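Student: when you get a sec, could you give me coordinates for this:
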Amino acid sequence: MRVLLDTVTFIWAVSAPERLSRAAMSTLRRGTTVREISVVSLTEIAVKQTRGRLAFTRADVATGIADLQLRVLPYTADHAMTLFDLPLHHADPFDRQIVAQALAEGVAVVTPDESFGLYGGLKVVW
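Tutor: Numbering: from 1, shown residues only. Below is the predicted model:
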């Protein structure tokens, strides 16, 4: 199974794994799971950290990617084009990009955000 961690899931997996659901933890621990994080999440973390809204450093990100054995998924024009067809169930531009990316790639998103489940065709793990 291939999964895309949303930003908060990544942060929790690194700094507070007890906040992850059993299903999320089980999926992330499964040896056959291909775990990915979007470059969009890395951008979101950097923006929020720079603005003082998040205490999560570049070193935390690098360590988390290595420890969780994540692949970094680039954001492509195909992903951006998917945004044109997305209903406005979620106003956060970072989350909308992650939804679009997951739909374009055909991968599940690991997230506690219930609004992700409003997007038809998107599989959510939580």
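Student: so where do the strands sit in this structure?
Tutor: For the chain, the strands defined by DSSP state E cover 2-5, 34-38, 71-73, 108-110, 124-125.
Student: distance to residue 89, mean pLDDT and mean neighbour count added to those strands, as CSV?
Tutor: Any C-beta I mention is one placed from the backbone N, CA and C, and that applies to glycine too. Listed next are the strands of the chain as CSV, based on distance: least, C-beta to C-beta, whole Å; pLDDT from 0 to 100; neighbours: other C-beta atoms under 10 Å:
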stretch, distance to residue 89, mean pLDDT, mean neighbour count
strand 2-5, 17, 98, 23
strand 34-38, 18, 98, 21
strand 71-73, 21, 98, 15
strand 108-110, 13, 98, 25
strand 124-125, 12, 98, 21
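Student: turn those into CSV, including distance to residue 14.
Tutor: Supplementary listing: the strands of the chain in CSV, determined by distance: least, C-beta to C-beta, whole Å:
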stretch, distance to residue 14
strand 2-5, 10
strand 34-38, 11
strand 71-73, 15
strand 108-110, 13
strand 124-125, 17
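Student: among those, which comes closest to residue 61?
Tutor: strand 34-38 (8.9 Å; C-beta to C-beta).
Student: which neighbours does the closest one have in its sheet, and in what orientation?
Tutor: Strand 34-38 pairs in its sheet with strand 2-5 (parallel), strand 71-73 (parallel), by DSSP bridges.
Student: what does it contact?
Tutor: Applying C-beta atoms under 8 Å, 6 or more residues apart in numbering, the contact partners of strand 34-38 are 1-5, 10, 28, 65, 68-73, 75, 97-98, 101, 107.
Student: that older thread, among the strands of the chain, which comes closest to residue 117?
Tutor: The stretch from the strands of the chain with the least distance to residue 117 (C-beta to C-beta) is strand 124-125; that distance is 5.0 Å.
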